[in-house]
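> quick one: sequence and predicted model below, then my questions.
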Amino acid sequence: MTARSLAADRRTSWVPPLPLIGVKFLELRKRRILMIVTTLFTVALPVIWYAIRLIYHASDPAHYASAGEPDAFAAVGTVMDEFGFIIATVLGATAGTGDLTDGMFRHLVSTGRSRLALYLARIPAGLAILLSLAAAGFTVACLVTALAHSPLTVGEVTPSAGAMARSGLWLELDLVIGYTVGLGLGSLMGQRTIPVILLIVLEIIITPRVITAHLPHLINGQRLFVGVAMAQLKPAALAGGTVITPQGGVTAHLPPMPTWALITVVAGWIIGWSAIGAWKMITRDA
Amino acid sequence: MTTISEHGDSTRPRAGQPAPHRAGHWAVEVHGLTKRFGARAAVDNVDLLVPRGFAFGYLGPNGAGKTTLIRALLGLTKADGGTMSLLGIPVPAHRGHALARVGAIVDEPRFHGHLTGRENLQILAAARGGNAGQQIGPALDRTRLTGRADDKVSAYSMGMRQRLGVAACLLADPQLLLLDEPMNGMDPAGMHEMRDMIRGLADEGRTVMLSSHLLDEVQRTCDQVAIVDHGKVIRQGPIEELTAGAGAAVEVQCSDPPAAARALGRPAFASRIAVTEDGLTVTLTGGPAREQADEISRRLVGAGISVYGLRQTHASLEDWFLAVTSRFGEEQ
């Protein structure tokens, strides 16, 4: 078999090669406005938040608590979670539709490369951008919490390194969900705006209501919401004033779910939407 | 600086030579291809054979099914029936292998506008794999885009985008190029440049299948042609043979051309009658042109039309195309 035929055979593989992931990373990274907004909500937001708190505390320690207090950590984590999820959906939907709307989809399919590989390349490419920026922003929160805390009031506990790590992983998992759902929905619909609107509505309006609602007859329906599962997986350090369970989660008004069910729901959303997006990518007329 | 390798097939037939009928000779082989959109057949049971090493025109009016056939060949859309092969490899069954040496432009070439021309080619080279990345420089040189390769594509003119499309094709070091309306939206200078580029690629032994509705461009660029209309291939062969079979034309200078056209009616020897500024152009279906010219003259004089001159000309591809496609009927 010649080198050329080997290359041709690799093109039919569903596994995206590193160069393909690399150029998709490049394509997303070069979207200037998207990158500015992503950086703003993942890195700049905690930096500005803590900078203001540090200045306030330095100017008047009697009135303003230290920037590193646990409530501030929880608040920053929540804000990064909300905005991060939204920007993750925008980035995912952009990755899912950019080739199509820019007219590159035909060129790419015409190379003979597996459509599934073209789709799968978008996942690590976009997540590499999103997760690295979110990690940078969250590291700022961890550093300030660790280094700039003052004597705590009774009952307050400074998050341990393990709690911070769990919080960071939970935050990253939430962004993975936002990105993959945005990617899948964007690929399915072939456009970016409506998927982003739908996911913002899900995150900002529907999920909070589903979490707090008492729906005895629809409790299994509630359990299918990824936001419900993620709320139960939320580490105590990010939970703020909510009641902390012995397992470290929060139980506000959430329908009880065993761990396997929580993992199944989260994995189902990630894998399910990825599969839907891939199916559309494979069957779409180019 | 490296150059695109001239892999060319040394046995490539010269333009106009009859194609040898042997297995694997065809660059594109299509049998009974059908593609429907709802009740409408965009491609209707098409048989098409494109010989290797030729510039082959796939000619038809807008909406005739040209782009749909190319999209089906490339696996961009799924055919409803029929068999296809590219460079002797069945598609879509072995699509990845078949497209390894195929370059294509489908419709207007569009790219990521926020990236440079070079970055767009890097994306396509990564998708192709192999040594496609090494072909970026030579492809940019060949299409004279090297100087603008690091500009964003959003700043490119239509002609530059078309050339970038050709550069993308060259990444495959292609044995076969499928170019769908590559001269759309180009100015005359751009069309001239593109024509030379296509001719150059064909002269290297690469097969170029050029889909177009621009008859003049096809006639200048291609050796062979297939005419498609309403989703069907209605004629196929070397241009000289096809237009020769279409017969000659007679240009008539006369008074009152519209009345002259009415006076001639639809004689059996004419496939098309066009009213011009100073007379008529009558495309003949064949047979002895002198006798048919006599008949035209007799009919016009008999109807009281003054005939100032008659001149026999050879039918152009356009005359023949209009004679054999539905456009003729639409114009009458």
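Perfect, I can see it now. Numbers count the residues shown, from 1 in each chain, chains lettered A, B, ... in the order given.
> in chain A, what residue comes closest to chain B?
A:Gly103 (2.5 Å; Cβ to the nearest Cβ). Glycine gets a C-beta too; all of them are placed from N, C-alpha and C.
> need the three-state assignment for the nearest residue in space to that residue that is not next to it in sequence.
Using Cβ to Cβ, 6 or more residues apart in numbering or on different chains and skipping residues adjacent in sequence, the residue nearest A:Gly103 is B:Arg110, 2.5 Å away. Following DSSP: H, G, I helix; E, B strand; the rest coil, B:Arg110 is assigned to coil.
> next, B:Arg110: phi, psi?
Per-residue torsions, B:Arg110: phi -120, psi 150 (degrees, to the nearest 10).
> am I right that B:Ala64 is in contact with B:Val228?
Yes - B:Ala64 lies in contact with B:Val228 (Cβ atoms under 8 Å); the separation is 4.8 Å.
> which bits of the stretch 151-300 of chain B sit near chain A?
By the rule Cβ under 8 Å from any Cβ of the partner chain, the part of the stretch 151-300 of chain B lying against chain A is B:168, B:172.
> quick one: residues contacting A:Gly272.
By Cβ atoms under 8 Å, 6 or more residues apart in numbering or on different chains, A:Gly272 lies in contact with A:Gly184.
> any buried residues in the one helix or strand it maps to, and which?
Element membership of A:Gly272, judged by DSSP states H and E, is helix A:259-283. Residues A:262, A:265-266, A:269-270, A:273-274, A:276-278, A:280-281 are the ones in helix A:259-283 that count as buried (16 or more other Cβ atoms under 10 Å in any protein chain shown).
> pLDDT on that helix, on average?
The pLDDT scores in helix A:259-283 average 95.
> quick check on B:Pro109: phi, psi?
Torsion angles at B:Pro109 (phi, psi; degrees, to the nearest 10) stand at phi -70, psi 120.
> the residue of chain A closest to chain B touches B:Phe111, doesn't it?
Yes - counting by Cβ under 8 Å, B:Phe111 is a contact partner of A:Gly103 at 6.7 Å.
> neighbour count winner among the two?
Higher neighbour count among A:Gly103 and B:Phe111: B:Phe111, with 25 against 18, using other Cβ atoms under 10 Å in any protein chain shown.
> and that one, what pLDDT?
The model's pLDDT for B:Phe111 equals 96.
> repeat that for B:Met158.
For B:Met158, the model assigns a pLDDT of 88.
> who's in contact with it?
B:108, B:185-186, B:190.
> for it, grab phi and psi.
Main-chain dihedrals, B:Met158, degrees, to the nearest 10: phi -60, psi -40.
> name the element the residue of the stretch 201-332 of chain B found nearest chain A belongs to?
Distances between the stretch 201-332 of chain B and chain A by Cβ to the nearest Cβ are smallest at B:Met209, namely 13.5 Å. Take DSSP H and E as the rule and B:Met209 turns out to sit in strand B:207-212.
> just checking, next helix/strand downstream of that strand?
In N-to-C order, the element after strand B:207-212 by DSSP H and E is helix B:215-221.
> restricting to C-alpha, output that following helix in CSV.
Output of helix B:215-221 as CSV, limited to C-alpha atoms (Å, rounded to 0.1, in the frame of the first residue of the first chain):
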residue,chain,number,x,y,z
LEU,B,215,-21.1,28.5,-23.8
ASP,B,216,-18.3,30.6,-25.1
GLU,B,217,-16.0,29.7,-22.2
VAL,B,218,-16.7,26.0,-22.6
GLN,B,219,-16.0,26.2,-26.3
ARG,B,220,-12.7,28.0,-25.7
THR,B,221,-11.6,25.8,-22.8
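> may I see the buried residues of it?
In terms of neighbour count (16+ other Cβ under 10 Å), helix B:215-221 has its buried residues at B:215, B:217-221.
> where in the stretch 1-150 of chain B is pLDDT low?
Along the stretch 1-150 of chain B, segments meeting pLDDT under 70 span B:1-24.
> what do you get if the cut-off is 50, keeping everything else the same?
Applying pLDDT under 50 to the stretch 1-150 of chain B picks out residues B:1-23.
> ok, the stretch 51-200 of chain A next?
In the stretch 51-200 of chain A, no residues with pLDDT under 50.
> which parts of it sit against chain B?
Contact residues (Cβ under 8 Å from any Cβ) of the stretch 51-200 of chain A with chain B: A:98, A:102-104, A:106-114, A:118.
> return the members of those residues classed as buried.
Buried members of these, scored by 16+ other Cβ under 10 Å, are A:98, A:102-104, A:106-114, A:118.
> what are the ranges of the helices in the chain?
Going with chain A. Here chain A has its helices, by DSSP state H, at A:3-11, A:18-29, A:32-39, A:45-59, A:70-101, A:104-110, A:115-147, A:161-189, A:193-200, A:207-212, A:219-223, A:226-233, A:236-239, A:259-283.
> actually chain B
Using DSSP H, helices in chain B cover B:66-74, B:95-98, B:117-128, B:136-142, B:158-170, B:188-203, B:215-221, B:239-245, B:257-264, B:289-302, B:317-324, B:326-331.
> in a markdown table: these, plus distance to A:Phe73.
As requested, these are exported to a markdown table (distance: least, Cβ to Cβ, whole Å):
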| stretch | distance to A:Phe73 |
| --- | --- |
| helix B:66-74 | 54 |
| helix B:95-98 | 51 |
| helix B:117-128 | 40 |
| helix B:136-142 | 48 |
| helix B:158-170 | 50 |
| helix B:188-203 | 61 |
| helix B:215-221 | 68 |
| helix B:239-245 | 77 |
| helix B:257-264 | 88 |
| helix B:289-302 | 95 |
| helix B:317-324 | 75 |
| helix B:326-331 | 74 |
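> pick out the residue in chain B sitting closest to chain A.
Of all residues in chain B, B:Arg110 sits closest to chain A, at 2.5 Å by Cβ to the nearest Cβ.
> residues in contact with that residue?
B:Arg110 touches A:102-104, B:161, counting by Cβ under 8 Å, 6+ apart.
> pick the one among the residues you listed closest to B:Met194.
Using Cβ to Cβ, B:Arg161 is the member of the contacts of B:Arg110 that sits closest to B:Met194, with 11.6 Å.
> count the residues that sit near the closest residue to that closest one other than its chain neighbours.
Among residues not flanking B:Arg161 along the chain, B:Pro109 sits closest, at 5.1 Å (Cβ to Cβ, 6+ apart). For B:Pro109, the neighbour count with other Cβ under 10 Å is 30.
> ok, B:Glu241 next?
With other Cβ under 10 Å as criterion, B:Glu241 counts 14.
> likewise for B:Ala202?
Neighbourhood size, B:Ala202 [other Cβ under 10 Å]: 22.
> dump the residue contacts of the residue nearest to the spatial centre of chain B.
Central residue of chain B (Cα atoms, centre = their mean): B:Gly57, 3.0 Å from the mean position. Shown in contact with B:Gly57 (Cβ under 8 Å, 6+ apart): B:210-212, B:218-219, B:221-222, B:224-226, B:239.
> kindly report the same for B:Ile198.
Residues near B:Ile198 by Cβ under 8 Å, 6+ apart: B:55, B:177, B:179, B:182, B:208, B:210, B:221.
> for those residues, which one is nearest A:Ala161?
Closest approach to A:Ala161 among the contacts of B:Ile198 (Cβ to Cβ): B:Leu177, at 59.9 Å.
> show me what that closest one is bridged to.
Per DSSP bridges, the residues bridged to B:Leu177 are B:Gly103, B:Val208.
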